[in-house]
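1. Sequence and predicted structure below; questions after.
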Amino acid sequence: MNSDKPAANHLRRDAEAAAATFPALLVEAERIAQTVAAGLHGRRRAGPGETFWQHRPYSFGDPVSAIDWRQSARVASRLYVRENEWEAAAAVYLWRDPSASLDFTSLRNVPKKRQRADVLAVALSILLSQAGERIGLLGEERRPFHGRGAPSRILEALMTANQEGSAPPPAHPRPGARVVMFSDFYSDIDAIEASVRALSTSGASGALVQICDPAEEEFPYRGRVEFRDLESRDRLTFGDTGALAASYKAKFAAHRNALETLSQAAGWTFIAHRTDRPAQHALLALFTALGDMRRWSA
Amino acid sequence: MLAALIVLPAIWWLLRATPPAPSEQPFPAFVILRKLTNPRETPDRTPWWLLLLRMALVALIITALAGPILNAPPKTPATGPILLVVDDTYSAAHHWPSRKNAMLTAAAEAEQSDRAVYIMTTAPADTDAIQPQTGKSAREVAEKLRPQPFAADRNTAMEMLSGLRGDQSFDIRWLADGVAGDDDQAFADALAATGDVSLFIDARSPKPVLRPAATDGTEPVFRVERLSATGDWEGTLLATAQDGRELARIGVFIGDGETAIEVGIELPLALRNEISSVRIENAASAGAVQLIDARDRRALIGVIADAAPAGDRLLSGAHYLSEALGPYAELIEGSLSEIIDASASVIILDDVGALRGGDVEKLTAWIEKGGVLIRFAGPILAEAAQDRDPPLLPVALRGGGRAFGGALTWDTPQRIDDFPADSPFAGLDAQTDAKIRRQVLAEPGGETTLRTWARLKDGTPLVTGVRQGDGVIALFHVTATPQWSDLPISGLFVEMLRRLVFLSALGPESAEAEATRTFQPLRLLDGYGRFRRPTDNDTALSAEDMARPVGLRRPPGFYGSPDAPLALNVVGEDTVYAPLSIKGLSTNPYEAAPPRRLAPPLFAAALGLLLLDAFAALFLAGKLRLPRFASVGAALFACTLAAAPLNDAAAQPLDRTIEKPTSDAALLTRLAYVETGDPALDRLSAQALAALSRELYRRTALEPGAPAAVDPDTDDLSVYPFLYWPIAPGAAAPSEAALTNIENFMRFGGLILFDTRDDERAVGSQRTQEGEALQRVLSQLNIPPLTPVDRSHVLSRSFYLLSDLHGRVGHRPVWVATDTGGANDGVTSVIIGGRDWAGAWATDDFGRETRQMGQWSRPAAICSGGKRECAYRAGVNMVMVAFTGNYKSDQVHTPVLLERLGK
């Protein structure tokens, strides 16, 4: 753990930097209103809750019991309705692919995919914890973290996690929870689809974030190249890689397309991110996917 | 071997067939890669440029192995051994490479056809017999052979030729230097008898030589000669000193049809005597160099006078001395060390009083070596003898002098008595009409009688002298001007001075050494006219050898002691220098270039290509990252750049840098005071001069800057016009450097105000500490006779009309230099007083006076406005004198002039 300390600090710093440009991420909680009550926190809008939020003029259809008579008595010819603040907390589960294929970068000044995935995960947890949401790791036995210490605990868990395989573990998050998966998804489409479907049937929705290296997308190789797999010992030699680029790109697009289709089928969001772009791009996409947009438009 | 080039196509095919090693890449998206069908396994082609590179590499190696030769000698049918007759003389040095090429060509020919080579050199050398050599060893000999600084000795060569076996016919090549010598035709005939001769002569070159020419004595004259008279020739004569300094550079032009021109080198004598060699620039030959030694130099006589030159040269001693000695020697003026460094043989001190310790030591050492010191009496020496015994005099002097024929003297002017027999003047006719009117007197005594070289009729010494070491000190008891006597305008004066000058053991005459003396070689000339250090083979020469022309074991160069070396030159005044003319021989020009083997550069190029190929292979396999490679290149480039400024260090200017305070003072006029080391006193001086500068700014056209503190020991005083020198009690005497500095300052028009600030305390004849300190300072300086300031002095009228120069106090007189009309137009260079002017002038930062004014015993009738105002006016007047000199004293005569105009 000690040896990971500088790396962890570095990661934490990057995550803070990425998160610094965003406000606290309040998860859109349409459905969790009824399901979750423990650890309430104000959602800064009117709704079911116990603390006073605002008075508003009476409008047709409001129950009479909602009228604040004391307040209405102060003003002539007007009735006021008392509203309390809506208080609810959501849980977000994160999963970061632990497989070796993320330990890759093609260029010197571009971070490894794993690094970018970790940064995104921690940045997201920072934003969530600022809004008071609960954050958990998918497949983790522990209860979701919340509060200001949550990002560092997420970070610690990410650094120590030693899972195998590139598919998300079977998990049963609470209904209405959100799941965010960070991976390159270079595995069988069927396996990914199965795990997403399992999660969505248990009532969770969420996002898939595919993190790619620019070389994986562009395939900039020429001449005779021997490719080596990172997860197995497989090697493939191509005599004229330059001629293969078009075919490779088509296959790559098809793979991504399949991912997009399966996430749409489950009602999830699919985000493709390249490591040579700033982390904020992916974070912004996540923000819009998970965020409570009504609060901003209101 | 070139047939191997056939394999090139095979190599080409082979290279095309083998693909370069694949570059290895890790890749995560293997899922997608696996789906890629039809992985084309056809090998990547070797890039065309790599192919080309490798083909060129192989071709280069094959060509190099074939052993190509550039400028290969033509295959000649001639057989038999080759005899190379090489004129390795000084005139062959002009175009030595072409001779070397001819030798190399011959060696290559011999190597090709396996013939023997004989090499015979005609310059005097230690070789006994000529040995046959192979072409290869002949090439080595040719590479090593250097031109000798001698002329060809064809007589000896002829003897060597007869030593060769005559039963075979030689292929003879005579590489001639083109200069005629003795027995040229006989030698050519002997060669023709030995074999088939071809004569090589370089027609193109003028081959200039330099030789001394007759001179009328005013300047050294050299004669530049060339062999061929066709075409214009332009060159430069370069005269250098012993230490390599360039003294003169003279353009020389010889027109078409002429072979020689005489060039005089016009230089001041001191520089002329420094010339140690004259050479034709860019002419690489010992014949184009003339070495010059002391025998060619004229005697140098240094003259030092204390009194600055008077307006009329008839009043200056140097004029009479130069008139008397001009025909025999050259007179130079300068500081003592300059004169001694210029190796003067005689030094004349014309009325010099005080000599500094360092100067006395230098002079004594110089006299011990054989210098002649001639001193003339005068007012300053008489003044100096009054107080103390000046050093370096043959006899002790009595103070004052003796005047004859004045209103109050009984004696009439005296004539000169016959010279004593043991005097250097013995034999001269003393019967002249010259009369002596004044003289300095020697203390009478036995020693004085012995040292008297000339006396007056009444027996008093006129010239005294003493031998000291190898040298002489002589004293004329009269001046070198006709003021004291008629002697300087008599013919006897010339004769007497000549006798004295020839007493000198230094200088030209002494170089005529005895015949048994030997001279060690010092620096010798090689054939190219470059200096070299002597080796063990170079032996010392006797005086007899030195007189003979150069030859074997007598190479040209400098011999003898480093101080006064003797020169031995290749080309003398009578050396024959004419073009060689031989009848009956075929002549050839020299070949343009020697044969050159091409294999080594070809192999080097192949090696370079091999390296390039290795890099290219690495690069193609992805093992070599270009960015890193580029950064290494950039680092190398940066290193080169960093190393480059080192060369600029050599381009620094040689002038002494001017220090900041000096340049500041030069740019803005400012007053200066001498730092005493007493902080309170220095602060007072600074305040006083600042206040005085302010008053000057306010009242006059002078706008001085902030006053400067100077240390005469280290600072350059020449940029200050006015120096205030408060004397602290117990101040030490200044150092020698400071004294020189101060004397220069005074000589070139500076004004020093010495202030002892003891006016109140110095009552009667009581001496104060400051007074004693001033005494210590002044005793070392050459201070002119002093006089009190009176109302008619220019100091009293230079800006304000003042009755006196008042300071804070004012009891005792203020002293200035007597106006003798001599130095600096008679403007005083010192003001000496004790009136504490600084105390009167000084104000603090707010303009408040810092010192109370004291008592004045002298009236200040003209000066109104308070005592301090009077002190400021005195200060303004003093500074004005420093700047305008005696400008205002001219107006003393205005009333008289007006009166005359009115009439």
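-> Alright, I've got the coordinates. Residues are numbered from 1 along each chain as shown, chains lettered A, B, ... in the order given.

2. any idea of the pLDDT on the residue nearest the centre of chain B?
-> Most central in chain B under CA atoms, centre = their mean is residue B:245, positioned 5.3 Å from the mean C-alpha point. According to the predicted model, the pLDDT of residue B:245 comes to 80.

3. how far away is the spatially closest residue to it that is not a sequence neighbour from chain A?
-> By the measure of CB to CB, 6 or more residues apart in numbering or on different chains, the closest residue to residue B:245 outside its immediate chain neighbours is residue B:274, 7.8 Å from it. No exception for glycine: its C-beta is placed from N, CA and C like everyone else's. As judged by CB to the nearest CB, to the nearest Å, residue B:274 and chain A stand 69 Å apart.

4. which phi and psi does residue B:274 have?
-> phi -90, psi -10 (degrees, to the nearest 10).

5. I figured it hits residue B:247, correct?
-> Yes - using CB atoms under 8 Å, residue B:274 is in contact with residue B:247, at 6.3 Å.

6. Looking at the two, which one has more neighbours?
-> The residue with more neighbours, out of residue B:274 and residue B:247, is residue B:274; 21 against 18, by other CB atoms under 10 Å in any protein chain shown.

7. which residues does that one contact?
-> Residues near residue B:274 by CB atoms under 8 Å, 6 or more residues apart in numbering or on different chains: B:241, B:242, B:245, B:247, B:342.

8. Show the pLDDT at it.
-> Predicted confidence (pLDDT) for residue B:274: 75.

9. next one: residue B:225
-> 87.

10. go on, residue B:611?
-> 92.

11. Considering the contacts of residue B:274, which is situated nearest to residue B:146?
-> Nearest to residue B:146 out of those is residue B:242 (CB to CB; 25.3 Å).

12. which is the next helix or strand following the worst-scoring helix or strand of chain B on mean pLDDT?
-> Lowest by mean pLDDT, DSSP states H and E among the helices and strands of chain B is helix B:626-643, with a mean of 59. Per DSSP states H and E, the first helix or strand lying C-terminal to helix B:626-643 is helix B:660-667.

13. and that following helix, what other elements does it pack with?
-> strand B:708-710 (3 or more CB pairs under 8 Å, 6 or more residues apart in numbering or on different chains; DSSP states H and E).

14. Can you list the neighbours in contact with the strand it packs on?
-> By CB under 8 Å, 6+ apart, strand B:708-710 touches B:661, B:664-665, B:670-675, B:682, B:685-686, B:717, B:720, B:723.

15. can you check stretch B:449-464 too?
-> B:394-395, B:402, B:411, B:414-417, B:419-420, B:423-425, B:430, B:436, B:439, B:441-442, B:448, B:465-466, B:474-478, B:487, B:496.

16. Quote the end-to-end distance of that stretch.
-> 9 Å (CA to CA, to the nearest Å).

17. Residue B:706 belongs to a helix?
-> No - assignment of residue B:706 by DSSP: H, G, I helix; E, B strand; the rest coil gives coil, placing it outside any helix.

18. got the contact list for it?
-> So residue B:706 contacts B:670, B:690, B:693 (CB under 8 Å, 6+ apart).

19. quick one: pLDDT of it?
-> 90.

20. From the contacts of stretch B:449-464, which land in strands?
-> B:402, B:439, B:465, B:466, B:474, B:475, B:476 (DSSP state E).

21. any idea which of those residues is closest to residue B:836?
-> Of those, the one sitting nearest to residue B:836 (CB to CB) turns out to be residue B:402, at 41.9 Å.

22. chain center to stretch B:46-63: distance?
-> 61 Å (CA atoms, centre = their mean, to the nearest Å).

23. Going by neighbour count, which residues in that stretch are buried?
-> For stretch B:46-63, the buried set under the neighbour-count rule, 16 or more other CB atoms under 10 Å in any protein chain shown, comprises B:46, B:50, B:54, B:57, B:58, B:59, B:60, B:61, B:62, B:63.
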